[in-house]
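# coords please:
(chains A and B)
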Amino acid sequence: ETGVTQTPRHLVMGMTNKKSLKCEQHLGHNAMYWYKQSAKKPLELMFVYSLEERVENNSVPSRFSPECPNSSHLFLHLHTLQPEDSALYLCASSQTRGRGAYGYTFGSGTRLTVV
Amino acid sequence: KNQVEQSPQSLIILEGKNCTLQCNYTVSPFSNLRWYKQDTGRGPVSLTIMTFSENTKSNGRYTATLDADTKQSSLHITASQLSDSASYICVVTDGSGNTGKLIFGQGTTLQVKP
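As a prediction, this is how the structure comes out:
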């Protein structure tokens, strides 16, 4: 375990379903991130939360909705997804000080399949 | 444009052999460079992290080098094992902004065969 826990590990959902991905970090970090990893492509940053405030949203479709209730938990709410949204969704956390992000740690990811 | 390019895209070697993976970047301002190992279906795990002033850093059989002048890094794996089969990702941190934006390479897929 890396200290960043993601659930579920695998998820299959229909295009009309609503589901949520959960991420929890036990490292005392103050920033959390959602990434999307599609086959043969670099990781794509989706959202950044720093001190529970969303500081970055990289033009992600509104069918993805993040929530950060506290510095240890991060959710990604999913609704009316498309098959092309099938990917590995990774959560990460770090300790940000000044312009640095220290101790950047990833979770094991949720493999999402949209049918 | 901030970019990280890795080569080769994929590599097959025999168990026990050494190999070197390459990473070229154009990220500016530069903060640090990390190498991650990602097993299939898992999240990336950090191998090394180097700042501007560091030329080399080792983690067991993994040795990373950094040439900040030419903006190149390499990851050398010694005496490869079957468990080294994974994707290796080079990541450069953009030193601008407040959250240390990471720029990811596409990764090199390494397969170690018996």
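
# who in chain A is up against chain B?
Within reach of chain B by CB under 8 Å from any CB of the partner chain, chain A has these residues: A:2, A:4, A:6, A:31, A:40-43, A:45, A:48, A:50, A:55-56, A:88, A:90, A:92, A:94, A:96, A:98-101, A:104-109, A:111. C-betas here are computed from N, CA, C, even on glycine.

# Can you flag which of those belong to helices?
Under the assignment DSSP state H, these contribute nothing to helices.

# which of those count as buried?
Among these, those classed as buried by 16 or more other CB atoms under 10 Å in any protein chain shown are A:2, A:4, A:6, A:31, A:42-43, A:45, A:48, A:50, A:56, A:88, A:90, A:92, A:94, A:96, A:99-101, A:104-109, A:111.

# so who does A:Val4 touch?
Residues in contact with A:Val4 (CB atoms under 8 Å, 6 or more residues apart in numbering or on different chains) are A:Cys23, A:Glu24, A:Gln25, A:His26, A:Leu27, A:Cys91, A:Ala92, A:Ser93, A:Thr105, A:Phe106, A:Gly107, B:Gly43.

# Tell me which of those fall in strands.
In strands, defined here by DSSP state E, the members of the contacts of A:Val4 are A:Cys23, A:Glu24, A:Gln25, A:Cys91, A:Ala92, A:Ser93, A:Thr105, A:Phe106.

# where does A:His29 sit relative to B:Val112, distance-wise?
Distance of A:His29 to B:Val112, computed by CB to CB, to the nearest Å: 33 Å.

# Same question for B:Ile49.
24 Å.

# For chain A, name the helix or strand with the lowest mean pLDDT.
The least trusted helix or strand in chain A, going by mean pLDDT, DSSP states H and E, turns out to be strand A:53-57, with a mean of 72.

# Report the mean per-residue pLDDT for the following helix or strand past that strand.
Scanning forward in sequence from strand A:53-57 by DSSP states H and E, the next helix or strand is strand A:64-70. Mean pLDDT, computed over strand A:64-70, is 93.

# Can I get strand A:64-70 in PDB? Just the C-alpha atoms.
Only the C-alpha atoms of strand A:64-70 are listed here, as PDB (Å, rounded to 0.1, in the frame of the first residue of the first chain):
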ATOM      1  CA  PHE A  64     -17.200  14.100 -14.300                       C
ATOM      2  CA  SER A  65     -17.800  15.900 -11.100                       C
ATOM      3  CA  PRO A  66     -15.200  16.000  -8.300                       C
ATOM      4  CA  GLU A  67     -15.700  16.500  -4.600                       C
ATOM      5  CA  CYS A  68     -13.200  17.000  -1.900                       C
ATOM      6  CA  PRO A  69     -15.000  17.100   1.500                       C
ATOM      7  CA  ASN A  70     -11.700  17.300   3.500                       C
END
